[in-house]
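[1] quick check, what structure comes out for this input:
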Amino acid sequence: MSQPVFGHVGTYRPGDTFRNRIELSLSRVHRPRRTGVCGTQQLGAESIVLAGQYEEDDFGEDEILYSGNGGRDPQTGRQIMDQVVTTGILALLKSIETALPVRVLRKVPGEDGELEVYRYEGLYRVVGSTYGPGKSGFQVYIFRLRPLIGV
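    All right, here's what the predicted structure looks like:
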């Protein structure tokens, strides 16, 4: 297992794009090939991916709302039950305490005929969280992230 990296990885900077999750993993910008949070409950989250799978996710200019994981129907993608604490949720909660930077990646429409790509949005800090009813009425974790400017 490799050492965690908090902050930029290598020469990758905001605006860089990656064709798929495998490329993200090989670049080490976001190591897991499937999960949306890379991190541990001991150290916090290193990186997250917004892939449009959770209805609470909202990418704003001044703040990101990022949903915890779990409770979704694998067929429809709809929230069908309350979220429970997972490793990813614990990592994000720890990031509130540590205030270490989190790399944020987002699935966006590609250019030059590419359907979708993952774009590195930059470094953010997890500044808070709530656990309450989401848009579908089930209990979900919502994390607030704010951009780190000039890093």
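[2] same for the lengthiest strand in the chain, what does it pack against?
    What stands out as the longest strand in the chain, according to DSSP state E, is strand 116-133. If contacts are counted by 3 or more Cβ pairs under 8 Å, 6 or more residues apart in numbering; DSSP states H and E, strand 116-133 sits against strand 17-18, helix 21-27, strand 44-50, helix 87-98, strand 102-109, strand 139-147. Where C-beta positions appear, they are placed from N, C-alpha and C, glycine not excepted.
[3] how about those, which one is nearest H8?
    The closest of the helices and strands packed on strand 116-133 to H8 is strand 102-109. By Cβ to Cβ, the value is 7.4 Å.
[4] contacts for the closest one?
    With contact meaning Cβ atoms under 8 Å, 6 or more residues apart in numbering, strand 102-109 is reached by 6-9, 17-18, 24, 29-30, 39, 44-52, 59, 64, 95, 115-126, 145.
[5] buried deepest among the helices and strands packed on strand 116-133, which one?
    Of all these, strand 44-50 carries the top mean neighbour count, a mean of 26, counting by mean count of other Cβ atoms under 10 Å.
[6] partners of it in the sheet?
    With DSSP bridges as the test, strand 44-50 is paired with strand 37-40 (antiparallel), strand 102-109 (parallel).
[7] need those in JSON lines with mean pLDDT and distance to D82, can you?
    JSON lines is the format used below for those (pLDDT from 0 to 100; distance: least, Cβ to Cβ, whole Å):
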{"stretch": "strand 37-40", "mean pLDDT": "96", "distance to D82": "18"}
{"stretch": "strand 102-109", "mean pLDDT": "96", "distance to D82": "24"}
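[8] what's the spacing between F59 and V117?
    F59 sits 15 Å away from V117, going by Cβ to Cβ, to the nearest Å.
[9] looking at those two, which one has more neighbours?
    Using other Cβ atoms under 10 Å, the more surrounded residue of F59 and V117 is V117, with 19 against 15.
[10] could you double-check that the more buried one lies in contact with T17?
    Yes. Counting by Cβ atoms under 8 Å, T17 is a contact partner of V117 at 4.4 Å.
[11] any shared contact partners between the two?
    In contact with both V117 and T17: V108, G110, using Cβ under 8 Å, 6+ apart.
[12] and Q75, that's in a strand?
    No. Q75 is assigned coil when assessed by DSSP: H, G, I helix; E, B strand; the rest coil, not a strand.
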